[in-house]
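# have a look; sequence and predicted model below, questions after that.
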Amino acid sequence: MHINNRSHYDNQQLDSNAAQAIATQAIEQLMQITHFSKSQCLSLLSQQLAHEKRLSTASTSYTPVLEQSESDYIHALFSS
């Protein structure tokens with residue numbers, strides 16, 4: 001049996017390193033495709049990430065007014 005001896009800090013560091021590598025590659029690819037400067041590409045990515053964050057926050061903060069079982073019951077009352 002393999003025991004994972006990595007600490008929480010180690011896992012965070014690995015995640016951070018992976019995110020940094022992905023971000024660097026995304027910027028480089030965007031620079032090649034658009035022929036924009038690095039700062040212009042960073043701005044584009046920043047705008048997109050802000051938009052994605054707003055969408056993510058909006059979708060996770062939604063709570064239904066009625067539970068599904070309540071909704072089904074009300075629907076059954078009026079569809080008879």
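Yes, it's here. Residues are numbered from 1 along each chain as shown.

# and residue 78, what are its phi and psi?
Torsion angles at residue 78 (phi, psi; degrees, to the nearest 10) stand at phi -100, psi -10.

# what is the burial count for it?
For residue 78, the neighbour count with other C-beta atoms under 10 Å is 6. All C-beta spots, glycine's among them, are computed from the backbone N, C-alpha and C.

# same question, residue 53
For residue 53, the count of nearby residues is 10 (other C-beta under 10 Å).

# tell me how many other residues crowd residue 27.
Neighbours of residue 27 (other C-beta under 10 Å): 17.

# how far away is it from residue 51?
Distance, residue 27 to residue 51, using C-beta to C-beta, to the nearest Å: 17 Å.

# chain center to the biggest helix by length in the chain: distance?
For the chain, the longest helix by residue count, based on DSSP state H, is helix 8-34. In terms of C-alpha atoms, centre = their mean, to the nearest Å, the centre of helix 8-34 is set 14 Å apart from its chain centre.

# which strands and helices sit next to it?
Using 3 or more C-beta pairs under 8 Å, 6 or more residues apart in numbering; DSSP states H and E as the contact criterion, the elements in contact with helix 8-34 are helix 38-60.

# what's the helix it packs on in contact with?
Contact partners of helix 38-60, identified using C-beta atoms under 8 Å, 6 or more residues apart in numbering, comprise 23, 26, 27, 30, 31, 34, 36.

# quick check: PyMOL command selecting the buried ones in these.
Of the contacts of helix 38-60, the buried ones can be selected in PyMOL as follows, counting by 16 or more other C-beta atoms under 10 Å:
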select buried, resi 27+30
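
# pLDDT and distance to residue 58 for the contacts of helix 38-60 - can I get that in CSV?
Converted to CSV, the contacts of helix 38-60 look like this (pLDDT from 0 to 100; distance: C-beta to C-beta, whole Å):
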residue, pLDDT, distance to residue 58
23, 91, 24
26, 92, 24
27, 93, 27
30, 92, 26
31, 94, 31
34, 93, 28
36, 94, 29
